[in-house]
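A.B. asks: here is my input, please return the structure:
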Amino acid sequence: MKSTSSLTLSLSSPTIPTNISHKMSDTGPGSAATADDSKDPSGFLSEIIGAPITVKLNSGVEYRGELQSVDGYMNIALEQTEEYVGGQLRHKYGDVFIRGNNVLYISQD
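C.D. replies: Take a look at the predicted model:
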């Protein structure tokens with residue numbers, strides 16, 4: 001999948017870019033952010049294994065559960081998962097596997 005911008009993160013790519021950084025805060029005039037100021041997305045995701053997360057799909061459906069694993073394609077495995085449609089709880093599942101190209105965002109709860 002080709003990206004239309006160098007800052008676009010393609011969730012279906014086999015690798016997660018490590019050169020994305022953003023400015024966390026200003027410490028004064030002329031200060032600049034460095035790569036150490038932000039986390040690599042894969043580093044963030046590996047740090048929250050076992051934590052409760054919310055995964056929102058492109059369709060608007062949300063899944064909330066405990067993150068068990070994630071790979072370079074952003075495929076996600078969750079346990080103790082709840083499905084929310086329009087903000088309303090629809091189903092409770094045990095284990096869920098979400099294909100990465102369907103993911104809009106991942107948020108730690």
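A.B. asks: and the next element down the chain from the strand or helix carrying residue 42?
C.D. replies: Using DSSP states H and E, residue 42 maps to helix 41-47. The first helix or strand that comes after helix 41-47 along the chain, using DSSP H and E, is strand 52-57.
A.B. asks: sheet partners, orientation included, of the helix or strand hosting residue 97?
C.D. replies: Assigned by DSSP H and E, residue 97 belongs to strand 88-98. Sheet pairing of strand 88-98 (DSSP bridges) gives strand 76-85 (antiparallel).
A.B. asks: quick one: average pLDDT of the strand holding residue 97?
C.D. replies: Averaging pLDDT along strand 88-98 yields 96.
A.B. asks: pLDDT score for residue 41?
C.D. replies: 77.
A.B. asks: from residue 105, how far off is it?
C.D. replies: 11 Å (Cβ to Cβ, to the nearest Å). Placement of C-beta: from N, CA and C, glycine included.
A.B. asks: looking at the two, which one has more neighbours?
C.D. replies: Counted by other Cβ atoms under 10 Å, residue 41 and residue 105 do not tie: residue 41 has more neighbours, with 17 against 11.
A.B. asks: what's the strand holding residue 97 in contact with?
C.D. replies: Outside strand 88-98, the residues within contact range by Cβ atoms under 8 Å, 6 or more residues apart in numbering are 55, 57, 63, 65, 68, 75-84.
A.B. asks: if we go to 6 Å?
C.D. replies: 55, 76-79, 81-83 (Cβ atoms under 6 Å, 6 or more residues apart in numbering).
A.B. asks: report the buried residues of the helix holding residue 42.
C.D. replies: 41-42, 45 (16 or more other Cβ atoms under 10 Å).
A.B. asks: can I get the residues you listed in CSV with distance to residue 91?
C.D. replies: Output for these, formatted as CSV (distance: Cβ to Cβ, whole Å):
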residue, distance to residue 91
41, 28
42, 29
45, 24
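A.B. asks: check contacts around residue 65.
C.D. replies: Residue 65 neighbours (Cβ under 6 Å, 6+ apart): 78-81.
A.B. asks: which helix or strand in the protein has the lowest average pLDDT?
C.D. replies: helix 41-47 (a mean of 83; mean pLDDT, DSSP states H and E).
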